[in-house]
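S.K.: got a structure for you, letters missing:
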């Protein structure tokens with residue numbers, strides 16, 4: 001008989017994300033900051049309302065914040081690739 005495998009204890013980490021939105025006229029800018037134990041990443045996004053569209057602030061906020069988060073996502077993927085390559089070369093940690 002084989003003995004059952006005991007799972008490793010769950011480890012939790014917390015990353016903090018802050019998104020600041022700045023509105024000026026028909027323009028919205030977003031500045032997102034992601035803080036982890038190892039690094040801080042920043043992303044920016046913006047939106048501009050078409051003068052023919054209704055002035056609904058939430059829509060511009062969503063576009064600007066979404067674009068800032070896309071930038072952060074690209075940075076996270078790039079950081080992971082760099083860290084993985086460094087680990088393969090024995091340079092990580």
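M.R.: Yep, it's here. What you see is a predicted model; the values in this text were computed from it and never measured. Residues are numbered from 1 along each chain as shown.
S.K.: ok, now which ones touch the most centrally placed residue in the chain?
M.R.: For the chain, the residue sitting closest to the mean C-alpha position, by CA atoms, centre = their mean, is residue 72 at 3.7 Å. The neighbours of residue 72, taking CB atoms under 8 Å, 6 or more residues apart in numbering as the test, are 32, 34, 41-43. For the C-beta atoms, the positions are set from N, CA and C on the backbone; glycine is no exception.
S.K.: what about stretch 21-30, start to end distance?
M.R.: Terminal residues of stretch 21-30 lie 5 Å apart, using CA to CA, to the nearest Å.
S.K.: buried sites along that stretch?
M.R.: By 16 or more other CB atoms under 10 Å, the buried positions in stretch 21-30 come out as 21, 28-30.
S.K.: what's the burial count for residue 41?
M.R.: The tally of other residues near residue 41 (other CB atoms under 10 Å) stands at 19.
S.K.: so what pairs up with it in the strands?
M.R.: residue 34 (DSSP bridges).
S.K.: how far away is it from residue 5?
M.R.: 36 Å (CB to CB, to the nearest Å).
S.K.: neighbouring contacts of stretch 18-28?
M.R.: Contacts for stretch 18-28 (CB under 8 Å, 6+ apart): 29-33, 35, 46-49, 51, 55, 57, 60-61, 63-65, 68-69.
S.K.: gap between it and the chain center?
M.R.: Distance of stretch 18-28 from the chain centroid (CA atoms, centre = their mean, to the nearest Å) equals 17 Å.
S.K.: give me phi/psi at the residue nearest to residue 35 when sequence neighbours are not counted?
M.R.: Closest residue to residue 35 apart from its sequence neighbours, by CB to CB, 6 or more residues apart in numbering: residue 16 at 4.6 Å. Torsion angles at residue 16 (phi, psi; degrees, to the nearest 10) stand at phi -110, psi 130.
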